[in-house]
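>>> Task: produce atomic coordinates for the following.
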Amino acid sequence: MTTTANLDARNLNCPLPILRTKKALKDLEAGDTLEILATDPGSVKDLQAFCAQTGNELLSSDENGGEFQFVIRKS
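Presented below is the predicted three-dimensional model:
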């Protein structure tokens, strides 16, 4: 999947992945997609809750060897 922007939030602990995601989405247009890479296991539930609260769409959430990849579409 081709994304509009990428965010490297690896080696950052809560709440930094969410804060950086919020900041990155601010610079995008509605319909744009943001890929986030994170290593904090808490980011899985945090990003699900963030999307539910903000109305953005969590398109995918995957884990591979302790690294989490998310793709969000800005509402």
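>>> quick one: buried residues of the strand or helix carrying Ser61?
Per DSSP states H and E, Ser61 falls inside strand 57-64. For strand 57-64, burial by neighbour count (16 or more other C-beta atoms under 10 Å) applies to Ser61. The way it works is simple: take the backbone N, C-alpha and C, and place the C-beta from them, glycine included.
>>> Describe which strands it pairs with in its sheet and in which direction.
Sheet pairing here is set by DSSP bridges, and for strand 57-64 it gives strand 67-73 (antiparallel).
>>> ok, residues contacting the partner strand?
With C-beta atoms under 8 Å, 6 or more residues apart in numbering as the test, strand 67-73 has contacts from 1, 3, 10, 21, 25, 31-41, 43-44, 47, 51, 56-63.
>>> now the helices for this protein?
Ranges of helices in the chain, per DSSP state H, are 16-26, 43-54.
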